[in-house]
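*Asks:* Prediction below, plus the sequence it came from.
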Amino acid sequence: MRSIEGAPVELRDIGHAYGTGDLARPVLRDVNLSVGPGEIVLLTGPSGSGKTTLLTLIGALRAVQTGSATVLGQQLAGAGEKQRVALRRRIGFIFQQHNLLGFLSARQNVAMALELDGRTSEWERLERAGAMLEAVGIGDRAESMPANLSGGQRQRVAVARALAGRPGLILADEPTAALDKQSGGEVVRLLRDLAKRQGVPILLVTHDPRILDIADRIVAMEDGRITAAEAGASAAG
Amino acid sequence: MSTSITRAPAPNDRLLPWAPERTGEHTRPPSWDAPPPTRERRRASPFQPLRFLALPLRLAWRQLRAEKARLASAIAGVMFACVLVFMQLGFRSALFDSATALIQNMRADVFLMHPLTTASFKPETFPRARAHQALALPDVQAAVPVYLAQASWRNPENGSKRAVQLIGFDTEAGVMDFPGLAPLVDTLKRPDTVAFDARSRPEFGDMTRLLKERGPFEVQIGNRMMEVTGLIEIGPSFGADGNVVLSEVNFRRLIKERQVSAVDLVAIKLKPGADLEATKRRLAELLPRDVVVLSQAELVKWERDYWEQATPIGFIFAFGSLMGLVVGMVIVYQILFSDISGHLREYATLKAMGYTNFFLSRAVLSAALILAVLGFLPGLGLSWLLYDQVGQATFLPLNMTMDRATTVFLLIFAMCGLAGLLAMRKLRDADPADMF
């Protein structure tokens, strides 16, 4: 099930529609996309172009309707809830908002990503969460509650949480949308550096032109189709 | 340079493989990117009940703890329900206990009673001869007839009148006993003497104080002056606010219209070592059908059944308890529901991270059960206090028993559990697909 043959993400002729019958509104048509090992792919396009839907399909948050999607070796077409939940545990998610649990400290929030993992002890989880927070540069704020952290710091905690479980893939949806230019840039660069170190591929949806330079490849979408793909600054350089 | 969108890009040599733990990349220093426990080890791990329950429980507790005001109102809600149920059950049992106070304090091995007697305050009479017939059995040591009647008692302090229950029987025979009766047996042999129930309602006059001040003195009962020589302890019941115990002869003097041959109860004492059940069976075979043979416990139950079934008392208190539980459940449901809807994004995030709906359901249920425990404990304490206060004010025997505490805890536990199950449905709204 966990084969490493082929790409971490392999989409073939993916189509998706919201609504049923006459009201069905297609949002994705014939999408073919693959993300290679360790590759950082940026997905851009106007609102409503289907980027986010594509991301939820790859993240196993939505059932695949037509086409075939293989993510980290798991075929998602026809996959049941159980298989999808299992796959989600191997994917790191970063959202527009940090979505940290407000009643847990930064360290406990990161540790939540590890609690799913079988036999780790509480001590190991907190230790590793602390190390992750060090890696994103806020080791000194590990015991702070999210309410007492700045927007950039919270998103760093979210990055630490996404990476803590050593995912095989990172999916990020406009991680810089809620941040100012400087902290947004810092967070995505941090994400890129850590992901490159672990060799984790990233699929990142963004509108933010300031962060396009981190990409190995930029894929543009419009009206549910992929319209253009170009090598990013990072790959070119 | 532009690559085809359908072709996987060639693996970049500068990058590490995307799953290093599968490719021997285990040798890096134990820093934040130390390899996690391997799949194989995880799969081998058996079912861990501690993890299964402790982690959701901890999550629930941390969430509850974070909002002190909400937690406090939830605890107050559960406590309210708890106190309400405790009081309802307490009153119910106190009323039944007090309804049967007279019977419970009549100590004898076996009783004979007319089958049509529904409650001790309105007995059907049966022939006195049954007491003598019972003596036919070798296991029966003695049998004494008991006469019950009500008469008016004139309060020696202010002259007001009130109905008092008279219990007349052969006090010397040692067949039937009341608490405190033994030292009075001799004085009760004298004409026109009675023993008064010290736990009667205060409307009869403070006899305990008066007896201490004056020594034995005369009180008007019915149309006769009777001498109160001492105190016994029975307690007021539904049918009687106060009790007076007197000898059979004195009873006859006081209630002249009562025929000696018509008795209300017969108390029987068995020989030491006699088999109670067997004797009861043989008595039932021996005696005509105008009496039933009951042990003391059965007599108490007979009386209690009357109050439970022939009056709406049982229903009233069951209904009151149910209302308390419903109100408590609604409060707990509201708290849990708003907790979930206030944290939908966070719950959805947890689902996106791979937490199952089942895990989150366990967390919600854990929260409900934490509230049950946290609300029950102060509720128990408060009820205990109220039992004391209310018991003193109403003369009802309100006692906290282990049985009742257990019952109420289970009820509260079920109430919170049900609220948790209802609130859990809201978890379905936490859809990770809406997160992006």
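*Replies:* All right, it came through fine.

*Asks:* how about the longest helix seen in chain B: buried residues?
*Replies:* Ranked by residue count and defined by DSSP state H, the top helix of chain B is helix B:357-394. Of the residues in helix B:357-394, B:357, B:359-372, B:374-376, B:379-380, B:382-383, B:386-387, B:390 count as buried by neighbour count, 16 or more other C-beta atoms under 10 Å in any protein chain shown. Placement of C-beta: from N, CA and C, glycine included.

*Asks:* domain ranges for chain B?
*Replies:* Chain B breaks down by automatic domain parsing into domains covering B:52-97+B:313-431, B:115-290.

*Asks:* and of the ones you listed, who's closest to chain A?
*Replies:* If you check each of the domains of chain B against chain A by C-beta to the nearest C-beta, domain B:52-97+B:313-431 wins as the nearest, at 3.2 Å.

*Asks:* Just confirm residue B:122 is within a strand.
*Replies:* No: per DSSP: H, G, I helix; E, B strand; the rest coil, residue B:122 lies outside any strand segment and is coil.

*Asks:* List the residues that contact the nearest residue to it once chain neighbours are set aside.
*Replies:* Computed as C-beta to C-beta, 6 or more residues apart in numbering or on different chains, the closest residue to residue B:122 that is not its neighbour in sequence is residue B:239, at 7.6 Å. Contact partners of residue B:239, counting by C-beta atoms under 8 Å, 6 or more residues apart in numbering or on different chains, are B:99, B:102, B:119-122, B:165.

*Asks:* likewise residue A:91?
*Replies:* Residues in contact with residue A:91 (C-beta under 8 Å, 6+ apart) are A:59-60, A:71-72, A:167-171, B:354.

*Asks:* that older thread, now the domains of chain B in TSV, with mean pLDDT and distance to residue A:103?
*Replies:* Listed next are the domains of chain B as TSV, based on pLDDT from 0 to 100; distance: least, C-beta to C-beta, whole Å:
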stretch	mean pLDDT	distance to residue A:103
domain B:52-97+B:313-431	88	3
domain B:115-290	90	53
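
*Asks:* can I get those in JSON lines with distance to residue A:30?
*Replies:* Output for these, formatted as JSON lines (distance: least, C-beta to C-beta, whole Å):
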{"stretch": "domain B:52-97+B:313-431", "distance to residue A:30": "26"}
{"stretch": "domain B:115-290", "distance to residue A:30": "84"}
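
*Asks:* Could you look up the SS state of the residue nearest the centre of chain A?
*Replies:* With distances taken as C-alpha atoms, centre = their mean, chain A has residue A:171 as the residue nearest its mean C-alpha position (1.2 Å). Assigned with three-state DSSP, residue A:171 falls in the strand class.

*Asks:* Grab the nearest non-local neighbour of it.
*Replies:* Spatially, and ignoring its direct neighbours in sequence, residue A:171 is nearest to residue A:59 (4.9 Å; C-beta to C-beta, 6+ apart).

*Asks:* Determine the angle, from 0 to 180 degrees, between the helix or strand where residue A:52 lies and strand A:169-173.
*Replies:* Under the criterion of DSSP states H and E, residue A:52 resides in helix A:51-58. Taking axes from the mean of the first three to the mean of the last three C-alpha atoms, to 10 degrees, one finds that helix A:51-58 is oriented at 150 degrees with respect to strand A:169-173.

*Asks:* Output the contacting helices and strands for helix A:51-58.
*Replies:* Secondary-structure packing of helix A:51-58 (3 or more C-beta pairs under 8 Å, 6 or more residues apart in numbering or on different chains; DSSP states H and E): strand A:9-18, strand A:25-35, strand A:40-44, strand A:66-71, strand A:169-173, strand A:202-205.

*Asks:* Quick check: residue A:125 touching residue A:111?
*Replies:* Yes: using C-beta atoms under 8 Å, residue A:125 is in contact with residue A:111, at 4.4 Å.
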